[in-house]
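Enquirer: please work out how this folds:
(one chain, ligands or ions: 1)
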Amino acid sequence: MADGLREILLIYALENAVKHKSVPKPGAVMGALMGRHAEFRSRTGEVAAVLKEVLAEVAALSTDEREARLQVLAPDLLRAEKPKQEAERVLHALEHTEEGVVMRFAPNPSGPLHLGHARAAYLNDYYVRRYDGHYVIRIEDTDPRRVEPENYGLLLDDIDWLGLKVGEIVYQSDRMDIYYEHCRRLIELGGAYACMCDAAYFRDLKLEKKACPCRNQTIEENLDLWDRMLEGEFCEGMITVRVKTDLEHPDPAMRDFSIFRIVDAPPHPRVDARVYPMYNFSVVVDDHLLGITHVIRGKDHIANTRRQRYIYEYFSWNPPVFKHYGRLSIGGVVLSTSAIKEGIVSGAYTGWDDIHLGTLKAIARRGIEPDAVRKAMIDIGMGETDITFSWENLFAQNKAIVDPKANRYFFVPDAVMLPVADAPAHIAEAALHPNEPERGVRRLLFEGSVILPKGEIEGRTMVRLKDLFNVNVAWEGERPALTYAGESLEEARKAHAPIIQWLPPGQARDCTLKTPEGDIEGYCEEAASRELNRVVQFERVGFSRIDSVAVDLVTAYFAHR
Ligand code: GLU
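Expert: Here you go, the predicted model:
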């Protein structure tokens, strides 16, 4: 632990020193640590001692040396072109990285990826980048019941979108002969046996910690059954290959688990096979042969790690370093592949990118950028404690990315069109971006009437139409009457008039704003329809992605405020 702490402190001290071109400030370094790593808050004594050493070490370096060290330890922190964004959190160092790292992201092609997968993808990616390692994307497709041809494409799209540092892409279905050969070797080593027991019978024996009759077969008998299995002599359910583990193991799931099975149907879309390795076997063989040094995965895999260690032991292979992070509950969206599939079939969801889903495709459609997901996941880190996903943090990260890019437009929900009495014709010039005047303006031509959000004028006596002028609101029963009230911002302030969005009827397009809570019907500026596939900010409403532009309707997907 102390090692991790020292390295993190060193990085923040270097960052502080490089940023201010001076010796590092103890308070700022401590603040950076405690702010980004709550786990150290209860260890201030120990932290203070290490901090003292680290500060002295950094103070002794020259400016160039500090930069060079930061470049090695955390190059991202040196990039000056993103001053508005917060520095990325620095995660604990990994052990045993002296000879480099090879890591993997190993999704199943049972559907597209969702936010839960993004955590595994980005944590592994983070360390691959940090240690300049090799990243293997392994498509785990040895369960024909969970593979459909179109899923491969969906998955590859998602991997592309995530922007991982992909070193190679490996398909398990291309490696069947390797698994078969290693199963034979495991049998020869006395580590596995072919079992023809009925599943229920085996389970009863297993629960009583008893061996089934097949366990005592000779190696030759097992090899013979294995060959016949491969030759197609048996049908699904008749035979399986089991690893010899420990029948006394307190967890029955560890006892002689299965590593190969026959699947008669459906046929596999990529390979002509009937004998398939089970997850725990193919993963060990691949992790070893592909030279994987570190495996970061969820703690729901802890039991698998235990099972996998038996296989490593029989082959006398060194297992990689395993790290298991806690569960992440992601509220408010649907993640389950089967629920999504059913919803698509029933028409409850429009597709894999329906706004109610937590798939990356749905997130992307809302205008969330991959880098925001990356930052949110790195902020969550590798802690073993179960936590709840913070949408607020994802949105804040995304806002930092899209705010500088997004042009501003008006969107008027809950619309009403009203004349403004006594008003001169006027062209409003509204900035496309408040901080970047060089981008220019939208010209909105006022010719007597405006479209307004009805709820915003209710109960008001004056409102200011943004970038236009003030109007008095008089109420005669249900119907408001608007009158021109001059251009003075000062008067609007004095009257506590809210500044609201509006549209000239001649420049308004019908617009549906899709949100997870439901569709909002309204109007947007004509010019927003030229922003197809881009994120804009609808002023006072929020950041939204222009999703489609038809002759009579603009559809936008709401991201966040
Ligand atoms: N294909 C497995 C999954 O998606 C990989 C798990 C692992 O990291 O070993 O859960």
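
Enquirer: for the residue most central in space within the chain, which non-adjacent residue is spatially closest?
Expert: In the chain, the residue lying closest to the centroid (CA atoms, centre = their mean) is Ala118, at 3.4 Å. Nearest residue to Ala118 in three dimensions, chain neighbours excluded: Val373, at 5.2 Å (CB to CB, 6 or more residues apart in numbering). Using the backbone N, CA and C atoms, a C-beta is placed for each residue, glycine as well.

Enquirer: that neighbour: what secondary structure?
Expert: helix (DSSP: H, G, I helix; E, B strand; the rest coil).

Enquirer: let me know how buried it is, in neighbour terms.
Expert: 24 (other CB atoms under 10 Å).

Enquirer: in the stretch 301-450 of the chain, which residue sits closest to the ligand?
Expert: Of all residues in the stretch 301-450 of the chain, His301 sits closest to the ligand, at 5.6 Å by CB to the nearest ligand atom.

Enquirer: contacting residues for Gly184?
Expert: Let me fix one detail, which is that residue 184 is Arg and not Gly. Leu223, Trp226 (CB atoms under 8 Å, 6 or more residues apart in numbering).

Enquirer: quickly note the distance from it to the ligand.
Expert: 23 Å (CB to the nearest ligand atom, to the nearest Å).

Enquirer: and that residue, its phi and psi?
Expert: Taking degrees, to the nearest 10, you get phi -60, psi -40 for the backbone angles of Arg184.

Enquirer: longest helix in the chain, please.
Expert: helix 2-20 (DSSP state H).

Enquirer: quick check: buried residues in the following helix or strand past it?
Expert: Using DSSP states H and E, the helix or strand that follows helix 2-20 towards the C-terminus is helix 26-36. Residues of helix 26-36 classed as buried: Ala28, Val29, Met30, Ala32, Leu33, Arg36 (neighbour count, 16 or more other CB atoms under 10 Å).

Enquirer: swap in stretch 440-455?
Expert: Buried residues in stretch 440-455, defined by neighbour count with 16+ other CB under 10 Å: Arg442, Leu444, Phe446, Ser449, Val450, Ile451, Leu452, Pro453.

Enquirer: count of residues packed around the nearest residue to the third one once chain neighbours are set aside?
Expert: Closest residue to Phe446 in three dimensions, ignoring its sequence neighbours and counting by CB to CB, 6+ apart: His426, at 4.5 Å. Residue crowding around His426 was assessed by other CB under 10 Å; the count is 16.

Enquirer: repeat that for Asp177.
Expert: 9.

Enquirer: next one: it from Pro277, what distance?
Expert: Applying CB to CB, to the nearest Å, the value for Asp177 to Pro277 is 11 Å.

Enquirer: what does Glu313 give?
Expert: Per CB to CB, Glu313 is found 18 Å from Pro277.

Enquirer: more crowded one of these two?
Expert: Neighbour tally, Glu313 and Pro277, criterion other CB under 10 Å: the higher count belongs to Pro277, 26 against 12.

Enquirer: chain neighbours aside, what residue packs nearest to the more buried one?
Expert: Using CB to CB, 6+ apart, the closest residue to Pro277 is Tyr179 (4.2 Å).

Enquirer: residue boundaries of the strands in the stretch 151-300 of the chain?
Expert: All strands of the stretch 151-300 of the chain, identified by DSSP state E, counting those that start in this stretch, fall at 168-171, 192-195, 240-243, 258-262, 275-277, 294-298.

Enquirer: can you check the stretch 1-150 of the chain too?
Expert: Under DSSP E, counting those that start in this stretch, the stretch 1-150 of the chain gives strands at 102-105, 134-139.
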